[in-house]
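Visitor: Return a 3D structure for these sequence lines:
(one chain, ligands or ions: 1)
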Amino acid sequence: MSPLLQVDRLSKSYGAVRAVDGVSFAVNPGEIYGLLGPNGAGKTTTISMICGLLRPDAGSVAVGGRPFAADPQAAKRLMGVVPQDLALYEELSAAENLIFWGRLAGLDAKTARLRTAELLEALSLSDRAKDAVKTFSGGMKRRVNLGCALLHRPQLLLLDEPTVGIDPQARLNIIEFIRGLRASGTAVLYTTHYLEEAESLCDRIGIVDHGRMHAEGTLRELQERLGGDRLFTLEGAWAGAQPDTWPRFHEHFRVLQHSERQLVVAALGERDPADCLRELLALPVQVENVTLKRPSLNEVFLQLTGRDLRE
Ligand code: ATP
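Guide: Residues are numbered from 1 along each chain as shown. As a prediction, the model looks like this:
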């Protein structure tokens, strides 16, 4: 299967700020690819270059197997873009907003009306179709914003933080709708700084920070980079502990977090958790409790970027 979107070593600077620095990834049909990173990581700049709003300093974008630059209009016909900032006419109704975007995308009036009705139904907005958008909640506006990008049935959907600032129920509605798009074969690029969304929604995740792609893969693959199933949390009095000085410790374990009460370590290599446990209990310090778990995406993020996304 050839990717619907191929991004190759994309770069963009604003003065001295390298907003995007050699980022590469691909999104396949029927796949949700998550770009996960904190505010300022370069996600919006990346999307803006993919959809032709910004010209890259270097690198290339191919959509549907063809370079974007070769035929920008053809590439744009394949994609729908949902910007982070709402792009709606507040005085117009939900239906009028969708029809407007449908006409702009080149649909005839009848097709635009028909698809608007279908989309408002799928987005659970039919009963408010004729109401002015200014009377809508934040979550409803986000759904209208999403609908506006879908009138021309894009094969590639670019979503820039589509659930920012809305309540959990509205967020779930949007996420369910996006899962439905994936099931119908749409390729989705989804930027977020919410770990839970990346974990539960995205088939593959690219971890970005300071404009750079630090790692990518399925959640499982990213967890494997940190020792897969073998992440141990040791409770004890660790304030003065110096794991570096423990004989051979660093050959078998990597310290991920070190606080007064907790030491979180990943076992290196393919080793049996029972062997790891024996070694940990034989350390020259008193361990009060040990738990074994799979690393969370936050721990993966922390290890790769040195930053905690939950802060
Ligand atoms: P957010 O979700 O907060 O928008 P982001 O991951 O999308 O974050 P970008 O908006 O792409 O990040 O910003 C990347 C970097 O580029 C940041 O340091 C930002 O301050 C800078 N930046 C973005 N747009 C501009 C601009 N028009 N002029 C100057 N600097 C900019």
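Visitor: What pLDDT does the model give the residue in the stretch 201-311 of the chain that the ligand sits nearest to?
Guide: Nearest residue of the stretch 201-311 of the chain to the ligand: Gly211, at 6.6 Å (CB to the nearest ligand atom). Every residue, glycine included, has its C-beta placed from N, CA and C. Looking at Gly211, its pLDDT reads 96.
Visitor: Thought Leu10 was touching it, still the case?
Guide: No: Gly211 sits out of contact with Leu10 when judged by CB atoms under 8 Å, with a separation of 9.7 Å.
Visitor: Show me whatever sits in contact with both of those two.
Guide: Common contacts of Gly211 and Leu10, defined by CB atoms under 8 Å, 6 or more residues apart in numbering, comprise 20, 23.
Visitor: could you pull out the helices for the stretch 201-311 of the chain?
Guide: 219-225, 249-252, 273-281, 297-305 (DSSP state H, counting those that start in this stretch).
Visitor: buried stuff in the host helix or strand of Ala170?
Guide: For Ala170, the host element (DSSP states H and E) is helix 168-183. The neighbour-count check on helix 168-183 (16 or more other CB atoms under 10 Å) flags 170-171, 173-175, 177-178, 181-182 as buried.
Visitor: same thing with stretch 230-246?
Guide: 230-234, 236, 238, 241, 243.
Visitor: Redo the helices of the stretch 201-311 of the chain as CSV? Include distance to the ligand.
Guide: Formatted as CSV, the helices of the stretch 201-311 of the chain follow (distance: least, CB to the nearest ligand atom, whole Å):
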stretch, distance to the ligand
helix 219-225, 19
helix 249-252, 34
helix 273-281, 37
helix 297-305, 13
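Visitor: Would you reformat those as JSON lines and include mean pLDDT and distance to Ala58?
Guide: Putting the helices of the stretch 201-311 of the chain into JSON lines (pLDDT from 0 to 100; distance: least, CB to CB, whole Å) gives the following:
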{"stretch": "helix 219-225", "mean pLDDT": "86", "distance to Ala58": "27"}
{"stretch": "helix 249-252", "mean pLDDT": "88", "distance to Ala58": "39"}
{"stretch": "helix 273-281", "mean pLDDT": "87", "distance to Ala58": "44"}
{"stretch": "helix 297-305", "mean pLDDT": "85", "distance to Ala58": "23"}
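Visitor: and among the ones you listed, the most buried is which?
Guide: helix 297-305 (a mean of 20; mean count of other CB atoms under 10 Å).
Visitor: For the stretch 51-200 of the chain, which residue gets nearest to the ligand?
Guide: Glu161 (5.7 Å).
Visitor: Quick check: chain neighbours aside, which residue is closest to that residue?
Guide: Gln84 (4.8 Å; CB to CB, 6 or more residues apart in numbering).
Visitor: still on that earlier bit, which members of the buried residues of stretch 230-246 are the farthest-apart pair?
Guide: Arg230 and Ala241 (20.3 Å; CB to CB).
Visitor: which strands and helices sit next to the following helix or strand past the helix holding Ala170?
Guide: For helix 168-183, the following helix or strand on the C-terminal side (DSSP H and E) is strand 187-192. Helices and strands touching strand 187-192, by 3 or more CB pairs under 8 Å, 6 or more residues apart in numbering; DSSP states H and E, are strand 17-27, strand 32-36, helix 43-50, strand 156-160, helix 168-183, helix 195-201.
Visitor: what comes up buried for the last one?
Guide: Along helix 195-201, the positions that meet the burial threshold by neighbour count (16+ other CB under 10 Å) are 195, 197-199, 201.
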